[in-house]
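**Student:** sequence first, predicted model second:
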Amino acid sequence: MFLSNRIYLTKRKKKKILKIIILLIAVIVIATILIIKFYPTSKINLKNKGFSETEVSWIQNLSKETQEYFLATEELYPLLKEKNFQVSNFSEYIAFYQKNNNLSFYELVMVVNHGLQNSNIEIIHDVLEFFYTENFEPNRLTRYIAYQNENSELEKEKIILFVNQDIDEVTMIYDESIDHFLKEKYFIKKNLKRYISYYTNNKVDYATTVARVNSNTDYDYYTNTQSADFTKGALILVNKYYYLDDSYIPTNLTIIEKEYGEANETLQILYDSFKKMANAAKEEDLNLYIKNAYQSHQELNDTYINDTISTRPGYSEYQTGLAIDIVNDSEADLSKFERTEEFRWLKNHAHEYGFILRYPNGKEKITGFSYEPYHYRYVGVEAATKIKQLNITFDEYYEYYVK
């Protein structure tokens, strides 16, 4: 009796296990059918084709029809490795390839990336030339095309050259003078239109055009003016285009001692440097003496009312406290200073103490002022040395190196 019961329980247990096995097999079969039906390109199959995990996910995100076409067209597989490939454009690449399979993947990707796939095929082939031109930058393609549309006679190399230097952001119209201006040492991109205009109207050379425009003297005096930038410190520019407010008074003014000049004031930084310079000159039996220095807005206004040749109040460097007139004696005439040994000494040594001859001879069209051999400006040793080495005015130096 006991034995028959054990046999019965064993048979019953075996039937239960068999049912579970059959159920598991059914689940596996159904799951397999579903996978085959809805995921015909399983990850395992795709990996077997050499695709990476990431590429598999890209492919599986395609529509069923596009996915099937891609997998059936093995020559398309290298597309995924193209340098400029963008997964967001994957379907567009395939659609464009179906119509234009004569293009390289590089060309195909570039065309689609820039939204040109619906363009006329002649336009596309014209654009393709950019891709193989030296210095081509893919992110600028739309700008190359726009510049070419405005200047269809230009070769691709020149279009790329101009756009790469952002010339198209200043002017879309090509002019032959641009080639020359780009070679000028002190070329400033934002001034390009003004260069072209000044050159066309004045017929001076390219270097002169650049120098004058950079110094704003292509404008009439006291027009297109702006407030002087006080953040520049000793390199602040004040001229007929940069002005000081009526109420401006420099800080840190100091009285000039009788040994060094007239009873006047100037900035401490200038005065300290001048004394060092004057003492060095004295060792060579030369005498440097400050004739004029800081002048307030009111003082300049009084002078301007009585003498219209002088600078307008607010546009004079004297108001900054950074400009002085130098002579060799308290009784000396400013106009005769050029003929002195002191003047010749300053030509060689002023920069060593941070001073420059502010209004040089022959630079009137740039500075806006007549030659003044006695007028010196403090800009610091570094700037003064560079201005001397480059043989440029402070106006040019400011626009190119300071502003």
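**Tutor:** Structure received.
**Student:** okay but residue 111 is in contact with residue 96, surely?
**Tutor:** Yes. Here residue 111 lies in contact with residue 96, judged by CB atoms under 8 Å, at a distance of 6.8 Å. Just so you know, the C-beta spots here come from the backbone N, C-alpha and C atoms, and that holds for glycine as well.
**Student:** out of the two, which sits in the busier spot?
**Tutor:** residue 111 (23 against 20; other CB atoms under 10 Å).
**Student:** about what we covered before: now the common contact residues for residue 111 and residue 96.
**Tutor:** residue 117 (CB atoms under 8 Å, 6 or more residues apart in numbering).
**Student:** for this structure, which strand is longest?
**Tutor:** Identified as the longest strand of the chain according to DSSP state E is strand 372-378.
**Student:** that one pairs with which strands, parallel or anti?
**Tutor:** strand 323-327 (antiparallel), strand 355-359 (antiparallel) (DSSP bridges).
**Student:** what residues does the last one touch?
**Tutor:** Just to be clear, that refers to strand 355-359. 273-274, 277, 317, 323, 346-347, 350, 367, 369-373, 375-379, 383-384, 387-388, 394.
**Student:** list the buried ones in the helix or strand residue 90 falls within?
**Tutor:** Following DSSP states H and E, one finds residue 90 within helix 90-99. Applying a neighbour-count criterion of 16 or more other CB atoms under 10 Å, the buried positions in helix 90-99 are 90-94, 96-97.
**Student:** what's the average pLDDT for it?
**Tutor:** Mean pLDDT, helix 90-99: 94.
**Student:** other SSEs contacting it?
**Tutor:** helix 64-72, helix 105-113 (3 or more CB pairs under 8 Å, 6 or more residues apart in numbering; DSSP states H and E).
**Student:** average pLDDT across the last one?
**Tutor:** I take that to be helix 105-113. The average pLDDT for helix 105-113 rounds to 93.
**Student:** what is that helix packed up against?
**Tutor:** helix 90-99, helix 121-131.
**Student:** now do the first one
**Tutor:** Under the contact criterion of 3+ CB pairs under 8 Å, 6+ apart, the helices and strands touching helix 64-72 comprise helix 53-60, helix 90-99.
**Student:** for it, output the C-alpha coordinates as PDB.
**Tutor:** This file holds the C-alpha atoms of helix 64-72, laid out as PDB (Å, rounded to 0.1, in the frame of the first residue of the first chain):
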ATOM      1  CA  LYS A  64      11.700  49.100 -41.100                       C
ATOM      2  CA  GLU A  65      11.800  49.900 -44.800                       C
ATOM      3  CA  THR A  66      14.900  52.100 -44.500                       C
ATOM      4  CA  GLN A  67      16.600  49.600 -42.200                       C
ATOM      5  CA  GLU A  68      16.000  46.800 -44.600                       C
ATOM      6  CA  TYR A  69      17.400  48.800 -47.500                       C
ATOM      7  CA  PHE A  70      20.500  49.800 -45.500                       C
ATOM      8  CA  LEU A  71      21.200  46.200 -44.500                       C
ATOM      9  CA  ALA A  72      20.700  44.900 -48.000                       C
END
